[in-house]
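> Provide a 3D model corresponding to the input given below.
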Amino acid sequence: MGKLLLWVTVGIVGLALAGWLALKLIGALLGVLGYLLVGAAIVGGAYYLYTRARRALTSGRTANRIEAAIRTRQAGK
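Residues are numbered from 1 along each chain as shown. Model prediction:
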């Protein structure tokens, strides 16, 4: 009876430790995912502002020529 109680106790403690470790790992992964989402939002916003500023500064025929040159350059890669 003593050994059975010991093994049941060890099993319960092992499960508790495994659960605690799993919660810590999941929390850390979600924290990293949160930082990645914030970083992606910042980069996307910066790119959006950059393209708006570039289009505002270049207008008409010049803008068309610049965009055509960019497309041609990208197609050649």
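
> all contacts plus neighbour counts: C-alpha atoms, from now on.
OK.

> for this protein, longest helix please?
Looking across the chain with DSSP state H, the single longest helix is helix 2-57.

> Quick check: mean pLDDT of the helix or strand following that helix?
Later in the chain than helix 2-57, the nearest helix or strand by DSSP states H and E is helix 60-76. The average pLDDT for helix 60-76 rounds to 79.

> which residues touch helix 60-76?
Arg55 (Cα atoms under 8 Å, 6 or more residues apart in numbering).

> quick revisit: now the angle between helix 60-76 and the longest helix of the chain, please.
Inter-element angle recorded for helix 2-57 and helix 60-76: 140 degrees (by axes from the mean of the first three to the mean of the last three Cα atoms, to 10 degrees).

> other SSEs contacting helix 2-57?
Contacting helix 2-57 under the criterion 3 or more Cα pairs under 8 Å, 6 or more residues apart in numbering; DSSP states H and E is no other helix or strand.

> one more time with 10 Å
helix 60-76 (3 or more Cα pairs under 10 Å, 6 or more residues apart in numbering; DSSP states H and E).

> And the residue nearest the centre of this structure?
In the chain, the centroid-proximal residue (Cα atoms, centre = their mean) is Leu36; its distance is 3.0 Å.

> How much space separates that residue from Ala46?
Per Cα to Cα, to the nearest Å, Leu36 is found 15 Å from Ala46.

> for Thr62, same thing?
23 Å.

> so where is the chain shaky, pLDDT-wise?
58-59, 76-77 (pLDDT under 70).

> hmm, 90 instead?
1-5, 51-77 (pLDDT under 90).

> ok, Gly26 - contacts?
One correction, residue 26 is Ile, not Gly. Ile26 is in contact with Val32, counting by Cα atoms under 10 Å, 6 or more residues apart in numbering.

> typed the wrong thing, it's Leu6
Taking Cα under 10 Å, 6+ apart as the criterion, Leu6 is in contact with Ile12.

> could we number from 6 for the rest of this?
Will do, 6 is the new start, and the previous item becomes Leu11.

> Before I go, just wanted to say thanks for your time.
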